[in-house]
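Participant: here is a sequence with its predicted model. Questions after.
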Amino acid sequence: MSYIKVEDVSRQFTKADGSVFQALDHVDLEIKQGEFICLLGPSGCGKSTLLNILAGFEGASAGTVTIDGQTVAKPSPKYVTIFQNYGLLPWRTVLKNVELGLEEQQLPADEREKIARHYLEVVGLQDFADSHPAELSGGMQQRVAIARALAVDPEIIFMDEPFAALDALTRMKLQDEVSAICRKQKKTIIFVTHDIDEAVVLADRIVIMTPNPGQIKTILPVDLHGQRDRTSPDFWDIRERVFECFALKPEDKTEYYI
Ligand SMILES: Nc1ncnc2c1ncn2[C@@H]1O[C@H](COP(=O)(O)OP(=O)(O)OP(=O)(O)O)[C@@H](O)[C@H]1O
């Protein structure tokens, strides 16, 4: 039973010179509740456009998107989005940043603080509650953004290249943490990336997109369970299949990004 249904969605943009650009072309996709989906493809293939349409930030030119049977027309408080630049308020403490989304729920202050402290613990930042974002590393700031997203108990978390600004080791650590946390919390995740290894580490299914016009080329199930070992033959087998989908030549494979 599909939870998110994308039916025949197209999106055109009119460029400055008046020409029409087809960012998404007849896209169909069904996603089950609790799935971790990675949208993977080269720059300009429409990953962010599709994510923005799913999250209700922008409309499709044609086609429909439904979530739990309801047509998506605008952003909903049931879903949260995490961006690459963390989106933290610099003048607030870490704790107060995590409380931000809860303030709209009109909870008593002590209840709000209890929930925020719980999710800071989930992401391992309980000792930094009184720090300000500028005192934290990029990886820690992104963990605050993840705690803030989880605190409102969303049904879906949309993530648009959330680790792109982080160094490779921090990114790998956060990939493992996000995978474990989101699966434990049973969230539906739509995650945009152009990093092949990141998609293989995280996804239940990888939606492989190609540009000009933006289309879904294929959907690859990732049949790896539990903690994903980046050195295992199974991991390398799936990674190989993704490379084949993009028709990358053997000599291209040393570069992890597409
Ligand atoms: N508001 C807009 N006006 C005109 N063109 C747009 C607009 N938004 C996106 N596009 C174009 O649509 C195409 C798809 O953009 P999108 O940001 O969805 O790609 P992407 O796959 O997420 O790329 P990246 O990995 O570089 O972020 C791009 O060629 C982009 O220039």
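Facilitator: All right, it came through fine.
Participant: neighbours around residue 14, how many?
Facilitator: Using other C-beta atoms under 10 Å, residue 14 is surrounded by 9 other residues. Heads up, the C-betas are built off the backbone N, CA and C, glycines and all.
Participant: do you know how far it is from the ligand?
Facilitator: Going from residue 14 to the ligand by C-beta to the nearest ligand atom, to the nearest Å gives 7 Å.
Participant: the nearest residue to that residue once chain neighbours are set aside - how many residues pack around it?
Facilitator: Spatial nearest neighbour of residue 14, chain neighbours left out: residue 20 (5.8 Å); criterion: C-beta to C-beta, 6 or more residues apart in numbering. Residues near residue 20, counting by other C-beta under 10 Å, number 9.
Participant: for residue 20, what are its contacts?
Facilitator: Taking C-beta atoms under 8 Å, 6 or more residues apart in numbering, we find residue 20 in contact with 12, 13, 14.
Participant: now residue 189, nearest residue through space, not along the chain?
Facilitator: Spatial nearest neighbour of residue 189, excluding adjacent residues (C-beta to C-beta, 6+ apart): residue 36 at 4.6 Å.
Participant: the one you found: neighbour count?
Facilitator: 22.
Participant: hmm, it is touching residue 183, no?
Facilitator: Yes - applying C-beta atoms under 8 Å as the test, residue 36 and residue 183 come out as touching, 7.2 Å apart.
Participant: just the CA trace of the helix or strand of the chain at the bottom of the mean pLDDT ranking, in CSV.
Facilitator: Across the helices and strands of the chain, mean confidence by mean pLDDT, DSSP states H and E is lowest for helix 168-184: a mean of 85. C-alpha atoms of helix 168-184 as CSV (Å, rounded to 0.1, in the frame of the first residue of the first chain):
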residue,chain,number,x,y,z
ALA,A,168,34.1,12.9,4.4
LEU,A,169,34.7,11.3,7.9
THR,A,170,32.0,13.4,9.6
ARG,A,171,29.6,12.6,6.7
MET,A,172,30.1,8.9,7.1
LYS,A,173,29.6,9.0,10.8
LEU,A,174,26.4,11.0,10.4
GLN,A,175,25.2,8.7,7.6
ASP,A,176,25.4,5.8,10.0
GLU,A,177,23.7,7.7,12.8
VAL,A,178,20.9,9.0,10.6
SER,A,179,20.3,5.5,9.2
ALA,A,180,20.1,4.0,12.7
ILE,A,181,18.0,6.8,14.3
CYS,A,182,15.5,7.1,11.4
ARG,A,183,15.0,3.4,11.2
LYS,A,184,14.5,3.1,15.0
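Participant: much appreciated, bye for now.
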